[in-house]
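Q: the sequence and its predicted three-dimensional model are supplied below.
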Amino acid sequence: MQPPDVAGRPDIAQPGGPTTPFQVATKPPIEPPILETPLWRQAGGHLGFYGFLAVANAHLMGKAQFGVLDLPDWRWRDAYDAGAHPIDEADKALDMRHVLENGHLLEDRRVPAGPLDERRRQ
């Protein structure tokens, strides 16, 4: 399956449902893959949610070189059920990952530098 073409922030024509595909405005509906993929498994066979994940995944891959499956703690299904836009949700997840990796939230959990880290700095 080709990743959906989602340049910018296109409107959502149809959020889909269990048996109805997700559709970005002016684009064809996002159909399930021919072969099972990790993204399809993550969607649990729900066509609408699969399309939502596919759009969010394409956006993340274009911006950060990782996808929704690399953010397993993000509540993708809750966002879909709440009617969130997949690109907005992907941007929120990306911002939160940046804060967690670079901000003060992880400072307390960082492992102290060991001897190997000291040798790398020299």
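A: Nice, I can see it. Numbers count the residues shown, from 1 in each chain.
Q: where do the helices of the protein begin and end?
A: For the chain, the helices defined by DSSP state H cover 38-43, 47-64, 76-81, 86-102, 115-121.
Q: centroid residue for the chain?
A: Closest residue to the average C-alpha location of the chain: residue 68 at 2.9 Å, with Cα atoms, centre = their mean.
Q: how about that residue: what's its closest non-neighbour residue?
A: The shortest distance from residue 68 to any non-neighbouring residue, by Cβ to Cβ, 6 or more residues apart in numbering, is to residue 57 (4.7 Å). Using the backbone N, CA and C atoms, a C-beta is placed for each residue, glycine as well.
Q: just residue 67 next, same as before
A: Leaving aside its chain neighbours, residue 67 sits nearest to residue 57 (4.2 Å; criterion: Cβ to Cβ, 6+ apart).
Q: again with residue 22
A: According to Cβ to Cβ, 6+ apart, the nearest residue to residue 22 is residue 51 (2.3 Å).
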